[in-house]
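Asks: Provided below for reference: sequence and predicted model.
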Amino acid sequence: MRKYSFSAPETKQELFGLIAASADMEVEFLAGGTDLVPRINMERDEIPYEEKKPMMIISLEKLGLAGITETGGRIEIGALTTIEQIQDSELIRSKAPALADAADQLAGFAIRNTATIGGNIMNASPAADTVPPLMAMGACVV
């Protein structure tokens, strides 16, 4: 059976240390988990476990990467902000209605409640509903 390790760093320094220490492992970052968890569950049908590298799953939950703020006329959205939080944000609805509309259309309630904007962007799915409005608004990803 494939070996898994799990860690939830509380600082960016701890995060980078974990990444550096995991050079011989496949590293996956856990935000909402709506794409990662099913992928892990389905991988058993692909390559036999004994042929796969161990996987380090690093939760980003404790790093303070969620929230929506306006600073100097710019809207800042943390990577771990859920699609539901975007959907419910009055700031987003008033200043970035196309993004709010995209959040309204993304999957069902259970997924919107868990999925994050960072995951939606970084997963590079053709169905990444938040990407087109972000591109149209000239968003910058840091």
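Replies: It's in. Numbering: from 1, shown residues only.

Asks: hang on, T69 is in a strand, isn't it?
Replies: Yes - the assignment for T69 is a strand, going by DSSP: H, G, I helix; E, B strand; the rest coil.

Asks: burial of it, as a residue count?
Replies: Residues within reach of T69, counting by other CB atoms under 10 Å, total 10. Heads up, the C-betas are built off the backbone N, CA and C, glycines and all.

Asks: Run a quick check on it versus S89, I expect a contact.
Replies: No - applying CB atoms under 8 Å, one finds T69 not in contact with S89, separated by 10.3 Å.

Asks: mean confidence for stretch 28-48?
Replies: The pLDDT scores in stretch 28-48 average 82.

Asks: Quick check: buried residues in it?
Replies: Using 16 or more other CB atoms under 10 Å as the test for burial, stretch 28-48 gives F29, L30, A31, G32, G33, T34, D35, L36, I40.

Asks: How about stretch 60-74?
Replies: By neighbour count on 16+ other CB under 10 Å, the buried set for stretch 60-74 is L60, E61, L63, L65, A66, I68.

Asks: Now that stretch - C-alpha only, CSV.
Replies: Extracted in CSV, the C-alpha atoms of stretch 60-74 (Å, rounded to 0.1, in the frame of the first residue of the first chain):
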residue,chain,number,x,y,z
LEU,A,60,-2.6,24.8,4.2
GLU,A,61,-5.4,25.4,6.6
LYS,A,62,-3.4,26.9,9.5
LEU,A,63,-1.5,29.4,7.4
GLY,A,64,-4.1,32.2,7.5
LEU,A,65,-4.6,32.3,3.8
ALA,A,66,-8.4,32.9,3.8
GLY,A,67,-10.4,36.1,3.6
ILE,A,68,-11.5,38.9,1.4
THR,A,69,-10.3,42.5,2.0
GLU,A,70,-10.1,45.7,0.1
THR,A,71,-6.8,47.5,0.4
GLY,A,72,-5.9,50.7,-1.6
GLY,A,73,-8.8,50.1,-4.0
ARG,A,74,-7.7,46.5,-4.7
